[in-house]
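Student: Pasting the sequence and the predicted coordinates here, then a few questions.
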Amino acid sequence: MSIYRTLKGYSIKSVSSDPSNTKEGQIWYNSTAKVIKIVPAITAWASGGNLNTGRINAGSASSGPRDASLYFAGETGPDNTMQTNESYDGSSWTELGDLNTGRRNVAGFGTQTAAVCAGGLIPPANPQTQDLVEEWDGSSWTEVTDVPVAGIPEAAGTGTLTAGMIFGGDVSTGDARTNKTYQYDGTNWTAGGDLNTGRRDLGSAGTQTAGLGFGGIPGGPNAGTNVTEEYDGSSWTSVNNMNNSKGGMGSGGTQTDAMGAGGGIGAPGAATNQTELYDGTNWTAAATLATARHDGGTTSASGSTASIYFGGHPPFLNNTEEFTAAATTRSVDVS
């Protein structure tokens, strides 16, 4: 391809025919048709099937496709933690085998047929942190090796059952945050690299060797951050921040194609409907949720094209929203 011209500081490549496998943001000049073409992203949220039980502070198997989601644990009231487990097939939710131990503020990762539920809290009165870990095999939950600390509620989780990790969270039930990372190989937990900014209720995406942590609450009960960090399997590196500071987002995707939707933005219960997408370098705004919410569940194999957000606060939502992005080529005649 040759350089055609510079438009607003950008060089546009000239081709005689349209390229194949175009992607969002791509622009070129078709010298045969004498038009400039661009591929914008058209994003939208649409209603999906309702959960059988609305809840908040649950865990989800975040690495699977949108039509194969799993949502487990959580709470339907201050002292009412849940063992309930539901799966989504793209249109409706079905209750499956319960967790052995009900709890809230858990970390989850994996897929609809191979998931992990780690840590969490069990109320009432003074909630007790849990180091419990359970694995899901598609039909039942089994208790396995505990997290190697005395519970880290409100941590983030990402990856698969045999190569997953949790990071951040509360050191206790107070306002102390942790920057620790723990990696899971399907049998044992080992310590990974520390986050540069300790926080709870942060978003997550990616894998054990190419992870992403963003947003969250680093201090105080509701003060959010927009800090974003990438993980390479051993250490975290600070990268470009989100446009908005918030915690308790729905999140998922990959290290180079992630989504953060909804979240809490300050005062207790103050939810937002903002959605941001990460392309490996920058965060950009996308279509807003129909229902502003925080502390729900998300499944997202691809943050920018196929995500789902379900449940959350204000309590206790049971509705589901599905996110899509369609790349449609637009043309500008310059003949």
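Tutor: Cool, got the structure. Residues are numbered from 1 along each chain as shown.
Student: hey, let's count contacts and neighbours off CA atoms from now on
Tutor: Will do.
Student: And for the spatially most central residue of the chain, nearest residue in space, chain neighbours not counted?
Tutor: Taking C-alpha atoms, centre = their mean, the centroid of the chain lies closest to Ser251, which sits 1.6 Å from it. Leaving aside its chain neighbours, Ser251 sits nearest to Gly260 (4.6 Å; criterion: C-alpha to C-alpha, 6 or more residues apart in numbering).
Student: Now tell me what touches the helix or strand where that neighbour lies from outside.
Tutor: Using DSSP states H and E, Gly260 sits within strand 257-261. Identification of contacts with strand 257-261 by C-alpha atoms under 8 Å, 6 or more residues apart in numbering yields 203, 205-206, 249-253, 273-280, 288-289, 302-304.
Student: run the last query once more with 6 Å
Tutor: Met249, Gly250, Ser251, Gly252, Gln274, Thr275, Glu276, Leu277, Tyr278, Asp279, Gly303 (C-alpha atoms under 6 Å, 6 or more residues apart in numbering).
Student: Quickly run through the sheet partners of that strand, with directions.
Tutor: Using DSSP bridges, the strands paired with strand 257-261 are strand 250-254 (antiparallel), strand 275-278 (antiparallel).
Student: CA atoms of the first one as CSV?
Tutor: As requested, the backbone C-alpha atoms of strand 250-254 are provided in CSV (Å, rounded to 0.1, in the frame of the first residue of the first chain):
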residue,chain,number,x,y,z
GLY,A,250,-19.0,-5.4,35.1
SER,A,251,-15.8,-6.4,33.3
GLY,A,252,-14.2,-9.0,31.0
GLY,A,253,-12.5,-9.7,27.7
THR,A,254,-8.8,-9.9,27.0
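Student: next one: it to chain centre, how far?
Tutor: For strand 250-254, the separation from the chain centroid amounts to 3 Å (computed by C-alpha atoms, centre = their mean, to the nearest Å).
Student: which outside residues touch it?
Tutor: With C-alpha under 6 Å, 6+ apart as the test, strand 250-254 has contacts from 203-206, 258-261, 297-298, 300-303.
Student: circling back to that earlier point, of all the strands paired with strand 257-261, which lies closest to Thr76?
Tutor: strand 250-254 (18.3 Å; C-alpha to C-alpha).
Student: tell me the domain boundaries of this structure?
Tutor: According to automatic domain parsing, the chain comprises the domains 2-39, 44-324.
Student: The last one: end-to-end distance?
Tutor: Think domain 44-324. In domain 44-324, first residue to last residue: 6 Å (C-alpha to C-alpha, to the nearest Å).
Student: any idea of the mean pLDDT in that domain?
Tutor: Averaging pLDDT along domain 44-324 yields 91.
Student: just the first one next, same as before
Tutor: For domain 2-39, the per-residue pLDDT values average out at 73.
Student: so what's Trp189 up against?
Tutor: Trp189 makes contacts with Gln183, as judged by C-alpha under 6 Å, 6+ apart.
Student: Could you check how far stretch 157-172 is from the centre of its chain?
Tutor: With C-alpha atoms, centre = their mean, you get 12 Å for stretch 157-172.
Student: Alpha carbons of that stretch, as CSV, please.
Tutor: Provided in CSV are the C-alpha atoms of stretch 157-172 (Å, rounded to 0.1, in the frame of the first residue of the first chain):
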residue,chain,number,x,y,z
GLY,A,157,-10.5,-12.9,39.2
THR,A,158,-9.6,-13.9,35.6
GLY,A,159,-8.3,-16.9,33.6
THR,A,160,-9.3,-20.5,33.4
LEU,A,161,-9.7,-23.3,36.0
THR,A,162,-6.1,-24.6,35.4
ALA,A,163,-4.5,-21.2,34.8
GLY,A,164,-6.4,-18.5,36.7
MET,A,165,-5.6,-15.8,39.2
ILE,A,166,-7.2,-13.5,41.8
PHE,A,167,-5.8,-10.1,42.7
GLY,A,168,-6.5,-7.0,44.9
GLY,A,169,-9.4,-7.1,47.4
ASP,A,170,-9.7,-6.2,51.1
VAL,A,171,-7.1,-7.2,53.6
SER,A,172,-9.9,-7.5,56.2
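Student: just to revisit the earlier point, closest to Asn30 out of the contacts of strand 257-261?
Tutor: The closest of these to Asn30 turns out to be Asp279 (C-alpha to C-alpha; 25.9 Å).
Student: Thr256 is in contact with the closest one, correct?
Tutor: Yes - counting by C-alpha atoms under 6 Å, Thr256 is a contact partner of Asp279 at 4.8 Å.
Student: Those two: which is more packed in?
Tutor: Higher neighbour count among Asp279 and Thr256: Thr256, with 21 against 15, using other C-alpha atoms under 10 Å.
Student: outside of stretch 192-200, which residues touch it?
Tutor: For stretch 192-200, the surrounding residues in contact (C-alpha under 6 Å, 6+ apart) are 154-155, 168-170, 177-182, 216-218, 234-236.
Student: Can you give the distance from that stretch to the centre of its chain?
Tutor: 17 Å.
Student: Quick check: buried residues in it?
Tutor: Counting neighbours by 16 or more other C-alpha atoms under 10 Å, one finds that the buried residues in stretch 192-200 are Gly192, Gly193, Asp194, Leu195, Thr197, Gly198, Arg199, Arg200.
Student: How about stretch 238-245?
Tutor: Ser238, Asn240, Asn241, Met242, Asn244, Ser245.
Student: ok, the first one touching Tyr231?
Tutor: Spelled out, that is Ser238. No - Ser238 is beyond contact range of Tyr231, at 9.2 Å (criterion: C-alpha under 6 Å).
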